[in-house]
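A.B. asks: Got a predicted model here, sequence first, then my questions.
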Amino acid sequence: MTDVTATDAARNFADMLDAVERGEQFTIIRRGRAVAQLEPIAQGRGAAVKAALRRHPVDPDWSRDVERIRRLVSLQERP
């Protein structure tokens, strides 16, 4: 991933988009701090979620926990 100042990103945005389409990634730096990332939309989206789900076993109690939380939330919302 390449670091680019916010000023350079603004000046070269079209070129950066072309590079992103080729798979490159950029970190936008403003006043010495990373403030944004510019990357292909296909990365860090569904593929990352699917990979995370494959790495972790199914939690059989998850549905029960969600239902318990829903009941608690609905009880708190009632006047």
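C.D. replies: Ah, there it is.

A.B. asks: Pull out the buried positions in the longest helix that the chain contains.
C.D. replies: If you go by DSSP state H, the chain has its longest helix at helix 62-77. Across helix 62-77, burial judged by 16 or more other C-beta atoms under 10 Å covers no residue at all. Yep, even glycine has a C-beta here, placed from its N, CA and C like the rest.

A.B. asks: now stretch 3-14
C.D. replies: Using 16+ other C-beta under 10 Å as the test for burial, stretch 3-14 gives 4, 9.

A.B. asks: That one: how far from the chain's middle?
C.D. replies: Averaging C-alpha coordinates over stretch 3-14 and over its chain gives two centres that are 21 Å apart (C-alpha atoms, centre = their mean, to the nearest Å).

A.B. asks: which outside residues touch that stretch?
C.D. replies: 16, 26-30, 34-35, 38 (C-beta atoms under 8 Å, 6 or more residues apart in numbering).

A.B. asks: Could you work out the end-to-end span of that stretch for me?
C.D. replies: 16 Å (C-alpha to C-alpha, to the nearest Å).

A.B. asks: Likewise for stretch 36-52?
C.D. replies: Counting by C-alpha to C-alpha, you get 23 Å between the two ends of stretch 36-52.

A.B. asks: In strands only, show me the contacts of stretch 3-14.
C.D. replies: Among the contacts of stretch 3-14, DSSP state E puts 26-30, 34-35, 38 in strands.

A.B. asks: just to revisit the earlier point, filter the contacts of stretch 3-14 to the buried ones?
C.D. replies: Buried by 16+ other C-beta under 10 Å: 16, 26, 28-29, 38, out of the contacts of stretch 3-14.

A.B. asks: Let's have the contacts of stretch 3-14 in TSV, adding pLDDT.
C.D. replies: Shown next, in TSV, are these (pLDDT from 0 to 100):
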residue	pLDDT
16	97
26	97
27	97
28	97
29	97
30	96
34	96
35	96
38	95
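
A.B. asks: that older thread, got the ones in strands among the contacts of stretch 3-14 as JSON lines, with distance to residue 69 columns?
C.D. replies: Output for the ones in strands among the contacts of stretch 3-14, formatted as JSON lines (distance: C-beta to C-beta, whole Å):
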{"residue": "26", "distance to residue 69": "39"}
{"residue": "27", "distance to residue 69": "36"}
{"residue": "28", "distance to residue 69": "37"}
{"residue": "29", "distance to residue 69": "40"}
{"residue": "30", "distance to residue 69": "38"}
{"residue": "34", "distance to residue 69": "34"}
{"residue": "35", "distance to residue 69": "34"}
{"residue": "38", "distance to residue 69": "36"}
